[in-house]
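# Here is a sequence together with a model predicted from it:
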Amino acid sequence: MKLPVYLGLLHKSEATLAQPYRQVADGHGDEPDGHFLCLTLAAQCDAHQEALRPVIDRYGETTADDEPERLHHDGLSETRTGPVGLLRDLQDLYL
């Protein structure tokens, strides 16, 4: 059954996405809309992880699978500056 594999992928993806949202929020504190939006989206990722907890407790979670390697992005290396930098950082998060 592949459910534990996909639960593991989903759980890791939510954690991987929450961290760059917080990074962009910290890097663009001078842009209140972007700052608070990123914090809100990071909190949503945290809520998604919490909502997964009962399902993971019941069915398990694993990262070992027999599928080919996937394209994986580790997040942002650093945030850019200014309004255009915020836009570019948000585009990177979208990708």
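Thanks, I have it.
# if you skip the residues just before and after it, what's nearest to the most centrally placed residue in the chain?
By CA atoms, centre = their mean, the chain has its centre lying nearest to L17, at 0.9 Å. Once flanking residues are discounted, L17 sits nearest to C45: 5.2 Å by CB to CB, 6 or more residues apart in numbering. (Each C-beta comes from the backbone N, C-alpha and C, glycine too.)
# Give the burial count for the one you found, as a bare number.
Using other CB atoms under 10 Å, C45 is surrounded by 19 other residues.
# cool, and V84?
9.
# secondary structure element for it?
Taking DSSP states H and E as the definition, one finds V84 inside helix 82-94.
# Show me what that helix is packed up against.
Under the contact definition 3 or more CB pairs under 8 Å, 6 or more residues apart in numbering; DSSP states H and E, helix 82-94 sits against helix 3-27.
# Show me what the helix it packs on is in contact with.
With contact meaning CB atoms under 8 Å, 6 or more residues apart in numbering, helix 3-27 is reached by 34-36, 38-39, 41-42, 45-46, 48-49, 52, 55-56, 59-65, 67, 74-76, 78-81, 86, 89-90, 92-93.
# now stretch 32-49
With CB under 8 Å, 6+ apart as the test, stretch 32-49 has contacts from 11, 14-15, 17-19, 21-22, 24-25, 28-29, 86, 90.
# how about these in CSV, adding distance to V5 and pLDDT?
Formatted as CSV, these follow (distance: CB to CB, whole Å; pLDDT from 0 to 100):
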residue, distance to V5, pLDDT
H11, 11, 90
E14, 15, 90
A15, 16, 88
L17, 19, 88
A18, 21, 91
Q19, 22, 90
Y21, 25, 92
R22, 27, 93
V24, 29, 91
A25, 31, 91
H28, 35, 88
G29, 38, 86
L86, 35, 85
L90, 30, 83
